[in-house]
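Participant: build the 3D model from these lines:
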Amino acid sequence: MAEAQQPQMTQEEVSTWVRTQFQAANKYLAENGIISDQVLTKESRYLIPHVAIWKFSTRDKKQLWLVNGDVPTDVAGAQVAKDARGALRHFSLQWQLKAQAIINDPSTATDVEKQKYANYLVNRAENLYAVSDQENLWHSQPEEGNS
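Facilitator: Numbers count the residues shown, from 1 in each chain. Sure thing, here's the model as predicted:
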C-alpha cells in the first residue's frame, strides 16, 4: 500500500477529530445498549484522520474494542486481541468474512447495493490490515516479549 501524503493537521483539528470519533463511539455503544464506564486511553490508538481504535470498559465490568473513523464502526469483546494492533487485525478478518458471505449468498448476487457494501468491506479490511502491518506505526506500543 503506497503511503499518501496527508496534509498536516493543526493540534486543534487533531483534537476535534479525536473528540468527534470518541462521541461517535459512545453514541454507537449507546444505540446498541452498551453503556461505557470509561475509555482506556493507554490502550486506545488513533491513526488520524483514518481510524480510531478504542478500548472501553462498560458499566457491567466488561471490556471491549471499538473501531471507527473512515471505516465501518464495529465492536468486539476485548478477549479478541491483546492490544489495539491485534484488534485492527481482528476487525479486518471479520470484515473479510462478512464480505465473503455477502458475495457467496445467491440471494444477493443481483443486489447492487449489497455487492457495493461487500466491496467496501473488502477495501476497508485490506486497508486496516495494511495499517496493522506497518511496524513504524506501532513502535510506541511494545509487543510482548520485546525489550
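
Participant: CA only for contacts and neighbour counts going forward, please
Facilitator: Fine.

Participant: residue 66 in helix, strand or coil?
Facilitator: Put simply, residue 66 is strand when judged by DSSP: H, G, I helix; E, B strand; the rest coil.

Participant: was I right about it contacting residue 53?
Facilitator: Yes - the pair residue 66 / residue 53 is scored as a contact, 5.7 Å apart, by C-alpha atoms under 8 Å.

Participant: what's near enough to touch residue 95?
Facilitator: By C-alpha atoms under 8 Å, 6 or more residues apart in numbering, the contact set of residue 95 is 121-122, 124-125.

Participant: going by distance to residue 93, which of the residues you listed wins?
Facilitator: Nearest to residue 93 among the contacts of residue 95 is residue 125, at 6.9 Å by C-alpha to C-alpha.

Participant: and the closest one, how many neighbours?
Facilitator: 25 (other C-alpha atoms under 10 Å).

Participant: elements contacting the helix or strand where residue 131 lies?
Facilitator: Here residue 131 sits within helix 112-132, counting by DSSP states H and E. Packing contacts for helix 112-132, counted by 3 or more C-alpha pairs under 8 Å, 6 or more residues apart in numbering; DSSP states H and E, involve helix 84-104.

Participant: the inter-axis angle of the helix it packs on versus helix 112-132?
Facilitator: Calculated by axes from the mean of the first three to the mean of the last three C-alpha atoms, to 10 degrees, helix 84-104 forms an angle of 150 degrees with helix 112-132.

Participant: buried residues, helix 84-104. List them.
Facilitator: Neighbour-count burial for helix 84-104, counted by 16 or more other C-alpha atoms under 10 Å, picks out 84-85, 87-97, 99, 102-103.

Participant: pLDDT weak spots in this protein?
Facilitator: 1-7, 140-147 (pLDDT under 70).

Participant: once you drop chain neighbours, what's closest to the residue nearest in space to the middle of it?
Facilitator: Centroid-nearest residue in the chain: residue 67, 2.7 Å away (criterion: C-alpha atoms, centre = their mean). Closest residue in space to residue 67, ignoring its immediate chain neighbours: residue 53 at 4.5 Å, by C-alpha to C-alpha, 6 or more residues apart in numbering.
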